[in-house]
Structures are given as structure tokens and as C-alpha cells.
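>>> Structure here, sequence nowhere to be found:
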Ligand code: DC
């Protein structure tokens, strides 16, 4: 069967990664979580004091982007963790502070150009499921299958809260909802590659879908695409 590129874009906390990871496992494809790359860059910048509550040192960040080494390394269970300059930071990049930082560094052109370059290299041999915000529009505009995932902000905040709690991270529903809305606003309105549905993307609104129902929709789209 021909290998294809699957691009999954959409709002934050929509369940993109769960869906993309499951499809990759079923298809025997590589899964790449591009949000983890922006998060790892944000963690690096937070540690260096280049992002603070009120300010971001864009020039410092742009100047240092090529010295930030990112890798995905396989875990024993078949999943992959993100490593930042030789350190496994998978657990540290999921906090609200890093979420906010990632949404901010992702507005910087030099950061986007470098991460997009790395992502395009990962797709050279196809057989890849990549999720993010600009995969179908900028990283792989030629992707054979594009999906745009969406759900109401409230349901996304509820799901994110459960995810945070399961990792032992304390947060209130109000804080998580505000974080989700703020990131939507920034993702949609930044000048550099704003979150947009590609013209040829299939929209899945999963507000009222169970994970299995949404997976079935994606599986059908995938099989139809590889069958062509
Ligand atoms: O998918 P996520 O929530 O882990 O992404 C974290 C942030 O990174 C999010 O606010 C938007 C940004 N991002 C992006 O701009 N482009 C991508 N391809 C992936 C993520």
C-alpha cells in the first residue's frame, strides 16, 4: 500500500494527539506531535528567563533557536518522548506555564521557520501522521489526507482539566478555560502561520463524539485516501 502523509490540525486540547497517535499505531506510521516541539522550545526559553509574565525577548530567542536540539526518542511502550539538548523533558512540557510559553514562542517567525524545516525532513519518506496547527497549510500543503479537528472551548477545557489532574497538576476549570481561550485567540490571530483550516481539509467536530466514534471517522478517511 502507498504510504501517505496525514496532517491533523485544530484547536488546542481537542484530542488531536490521541487521535493521531492511534491512527499512526494502526497504520504502522510514525507519529509526530509538533506541539511538543514548540513546548520544548518554550521550556528552554523559560529556563533562560527569555519569557516572563510580561515580556518575551524575541531577539534572544531567534538568535539561539539553532542551538536548541530537539529529538523524539522511542519509549519501551512504542510511544516517543521529546528530548531537549539531551534531556528528556516530556513530563515538564505539559504544565500551564509551558502551554502559555509555547503559544507565545510560536508567534516568532525564526522559531516557526526552524521547526517547520525539521518537520518537513521528518516527512520525507511519508508514512507519517503529524499533528499541530499549520501542518496541512504550511508544513505539508501536499499532504494526501488533511483533517481539521474542532470542539467547543468548554468541552476542551473540561478534557484538559482531567488530563492535568491525571498528571497530578492542580488547576481550576476557570483557569484552564481562560488558558484555552487565550491560546485559541493567539493561535488564530498571529501573523506567522495562524491556525487556519486548509481548503481541502476534512472537518471533524468532536464535541459530541466519543473517542471511538471520532477514530472510526478518521479510519474511514484514511482507508479511502490510501485506497485511491
Ligand atoms: O498542540 P499543543 O497544545 O501541544 O501546542 C502548544 C502550542 O504550540 C500551541 O499554543 C500552538 C503552538 N503550535 C503551533 O503554533 N504550531 C504547531 N504546529 C503546533 C503547536
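Cool, the structure landed. The structure displayed is predicted, hence computed values, not measured ones.

>>> for the ligand, what are the nearby residues on this structure?
By the criterion of C-beta under 6 Å from any ligand atom, the positions of the chain lying close to the ligand are 12, 34-35, 38-39, 102-103, 106, 132-134, 183, 187. Glycine gets a C-beta too; all of them are placed from N, C-alpha and C.

>>> and the residue nearest in space to the middle of the chain, which of the three is it?
Within the chain, one residue has its C-alpha closest to the average C-alpha position: by C-alpha atoms, centre = their mean, that is residue 35, at 3.0 Å. Classification of residue 35 into helix, strand or coil gives helix, according to DSSP: H, G, I helix; E, B strand; the rest coil.

>>> Could you report the distance from residue 200 to residue 191?
Counting by C-beta to C-beta, to the nearest Å, the gap between residue 200 and residue 191 amounts to 23 Å.

>>> Excluding chain neighbours, give the residue nearest to the residue nearest to the centre of the chain in space.
Closest residue to residue 35 in three dimensions, ignoring its sequence neighbours and counting by C-beta to C-beta, 6 or more residues apart in numbering: residue 132, at 6.1 Å.

>>> Equivalent analysis for residue 127, please.
For residue 127, ignoring the flanking residues on the chain, the nearest one in space by C-beta to C-beta, 6+ apart is residue 3 at 3.8 Å.

>>> neighbours of that neighbour, just the number please.
Residue 3 is flanked by 13 other residues according to other C-beta atoms under 10 Å.

>>> correct me, but it touches residue 126?
Yes - taking contact to mean C-beta atoms under 8 Å, the distance of 4.1 Å between residue 3 and residue 126 places them in contact.

>>> can you give me the strands for this protein?
Secondary structure of the chain (DSSP state E): strands at 5-10, 30-33, 70-74, 80-84, 87-88, 128-132, 145-150, 202-205.

>>> Take those strands and lay them out in CSV including mean pLDDT.
What follows is the strands of the chain, written out as CSV (pLDDT from 0 to 100):
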stretch, mean pLDDT
strand 5-10, 97
strand 30-33, 95
strand 70-74, 95
strand 80-84, 95
strand 87-88, 97
strand 128-132, 97
strand 145-150, 96
strand 202-205, 96
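
>>> Throw those into TSV and include mean neighbour count, thanks.
Below are the strands of the chain laid out as TSV (neighbours: other C-beta atoms under 10 Å):
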stretch	mean neighbour count
strand 5-10	27
strand 30-33	21
strand 70-74	14
strand 80-84	19
strand 87-88	12
strand 128-132	27
strand 145-150	22
strand 202-205	16
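
>>> And those strands: which comes nearest residue 115?
The minimum distance between residue 115 and those falls on strand 70-74, with 8.0 Å, by C-beta to C-beta.

>>> Quick check: residue 116 touching residue 137?
No - checked against C-beta under 8 Å, the pair residue 116 and residue 137 is beyond contact range at 10.7 Å.

>>> More neighbours: which of these two?
Relative neighbour count places residue 137 above the other of residue 116 and residue 137, with 22 against 19, counting by other C-beta under 10 Å.

>>> Check what pLDDT the residue nearest to that one when sequence neighbours are not counted gets.
Among residues not flanking residue 137 along the chain, residue 198 sits closest, at 5.0 Å (C-beta to C-beta, 6+ apart). At residue 198, the predicted lDDT confidence score is 96.
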